[in-house]
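Asker: Sequence and predicted structure, then a few things I'm wondering about:
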Amino acid sequence: MADIKVIVAGPRGKMGSEALRMIEKEPAFQLVGCIDRIHDGQKVAEVEGLPKMDALIYTSAEKALGELEADVLIDLTTPEHGYKHTKLALEHGVRPVVGTTGFTEVQMEEITNLAEKKELGVVIAPNFAVGAVLMMQFSKWAAKHFPDVEIIEKHHDQKLDAPSGTAVKTAQLIQEVRESHKQGHTDEKETIDGARGADVDGMKIHSMRLPGLIAHQEVVFGGLGQTLTIKHDSHHRESFMSGVKLAIEKVMELDQLVYGLEHLLD
Ligand SMILES: NC(=O)C1=CN([C@@H]2O[C@H](COP(=O)(O)OP(=O)(O)OC[C@H]3O[C@@H](n4cnc5c(N)ncnc54)[C@H](OP(=O)(O)O)[C@@H]3O)[C@@H](O)[C@H]2O)C=CC1
Ligand SMILES: O=C(O)C1=N[C@H](C(=O)O)C[C@H](O)C1
């Protein structure tokens, strides 16, 4: 199989730098360029802390996508820039693999329509860790039997979006099997705003941000005389890389948007 030519947006980031290390080790992938906010025209190898790779850095996403011959753009930046990069990539015939979280429903719909128009694959995966994907699937199953559920997600304190993309996706999967209903006491009142968390159809999401954390989620179900907790922890960002690798391979076979890694796993 010919090499898959990859551009990484966000190469100095916690996830982007981990993705570069994965690409460096993977013989079927070739890094052809990076999109960053700084270091225009420098080689990746010249940036402290990044792997010794020759690909050039561009600060203009338009220029990178216009000049480079690429198959896939991996975006690991911010919600605002990830959305712009994803649309630009599709306009240039490059398939996006998006780990960036925090897109709005309207943005998701726009990207879905653009991918369909261009007949190009896009993978948007709020969580690339296989364990987290299983946690979400198990939660959907459990919600059929335990409709009262609260999601507690815990992340490092540099995270921009809340709730996490994983918590949003978990709630969406649960919504598919759970009748919308208010949880807790009917007369419940918050004496401090936000005490009961965010509300999705009566289901609550609580977001914790602390130094020392990486990415963790508990989905707690309550029933008569029992609770069930489904929990996943990413202790290192290596946990996401087998999913990123799978998404790069599979996006080449797709001609539309896929939202969630579960659609790519056997
Ligand atoms: N799907 C998944 O499995 C996972 C998804 N994520 C998501 O991935 C995203 C990145 O997370 P993380 O690596 O922790 O964040 P970081 O803040 O560590 O990295 C983001 C990087 O993007 C860079 N950046 C910002 N704007 C631009 C731009 N316009 N062009 C190019 N690069 C830009 C930042 O540069 P600078 O620092 O100079 O601003 C930074 O280096 C988040 O949305 C997060 O939620 C995270 C983990 C797993
Ligand atoms: O920002 C992070 O770190 C993570 N973001 C993703 C999310 O929002 O769910 C995935 C993982 O939880 C790590």
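Answerer: Structure received. Numbering: from 1, shown residues only. Ligands and ions are numbered 1, 2, ... in the order given.

Asker: Ligand 1 contacts on this protein?
Answerer: Neighbours of ligand 1 within the chain, by C-beta under 6 Å from any ligand atom: 9-10, 12-16, 35-37, 76-78, 81, 99-102, 125-128, 158, 240. From N, CA and C alone the C-beta is placed, and that goes for glycine too.

Asker: and residue 114, that one's in a helix?
Answerer: Yes - using DSSP: H, G, I helix; E, B strand; the rest coil, the secondary structure at residue 114 is a helix.

Asker: I'd like to know which of the residues of the chain next to ligand 1 are part of strands.
Answerer: Among these, DSSP state E puts 9, 35 in strands.

Asker: just checking, which of the residues of the chain next to ligand 1 belong to helices?
Answerer: Within the residues of the chain next to ligand 1, residues falling in helices by DSSP state H are 14-16, 81.

Asker: Take these and lay them out in CSV including pLDDT, distance to ligand 2 and neighbour count.
Answerer: Below are those laid out as CSV (pLDDT from 0 to 100; distance: C-beta to the nearest ligand atom, whole Å; neighbours: other C-beta atoms under 10 Å):
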residue, pLDDT, distance to ligand 2, neighbour count
14, 98, 7, 12
15, 98, 7, 21
16, 98, 12, 21
81, 98, 14, 16
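
Asker: so can I have JSON lines of the residues you listed showing distance to residue 5?
Answerer: Listed next are those as JSON lines, based on distance: C-beta to C-beta, whole Å:
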{"residue": "14", "distance to residue 5": "24"}
{"residue": "15", "distance to residue 5": "20"}
{"residue": "16", "distance to residue 5": "17"}
{"residue": "81", "distance to residue 5": "21"}
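
Asker: Nearest to residue 191, out of those: which one, please.
Answerer: residue 14 (36.9 Å; C-beta to C-beta).

Asker: Number of residues surrounding residue 154?
Answerer: 18 (other C-beta atoms under 10 Å).

Asker: didn't residue 49 look like it was pressed against residue 16?
Answerer: No - the criterion here is C-beta atoms under 8 Å, and residue 49 misses it with residue 16 at 11.3 Å.

Asker: any idea how far residue 62 lies from ligand 2?
Answerer: Going from residue 62 to ligand 2 by C-beta to the nearest ligand atom, to the nearest Å gives 26 Å.

Asker: Please read the previous query as pertaining to residue 137.
Answerer: To ligand 2, residue 137 is 15 Å away according to C-beta to the nearest ligand atom.

Asker: which residues touch the closest residue to that residue other than its chain neighbours?
Answerer: Leaving out its chain neighbours, the residue that sits closest to residue 137 by C-beta to C-beta, 6 or more residues apart in numbering is residue 262, at 6.0 Å. Contacts of residue 262 were listed using C-beta atoms under 8 Å, 6 or more residues apart in numbering, and they are 133, 136-137.

Asker: Try it again at 10 Å.
Answerer: 125, 127, 130, 133-134, 136-137, 140, 169, 173 (C-beta atoms under 10 Å, 6 or more residues apart in numbering).

Asker: List just the nearest of those residues to residue 250.
Answerer: Among those, residue 125 lies closest to residue 250 (C-beta to C-beta), at 10.4 Å.

Asker: Pretty sure the closest one sits against residue 240.
Answerer: Yes - contact criterion C-beta atoms under 10 Å: residue 125 and residue 240 qualify, at 9.0 Å.

Asker: Quick check: neighbours shared by these two?
Answerer: Residues touching both residue 125 and residue 240 (C-beta under 10 Å, 6+ apart) are 99, 132, 261.

Asker: And the residue nearest to the last one when sequence neighbours are not counted, how far from ligand 2?
Answerer: The one in question is residue 261. In this structure, residue 261 finds its nearest non-sequential neighbour in residue 125, 4.5 Å apart by C-beta to C-beta, 6+ apart. Using C-beta to the nearest ligand atom, one gets 9 Å for the distance from residue 125 to ligand 2.

Asker: Tell me the secondary structure at residue 211.
Answerer: With three-state DSSP as the criterion, residue 211 reads coil.
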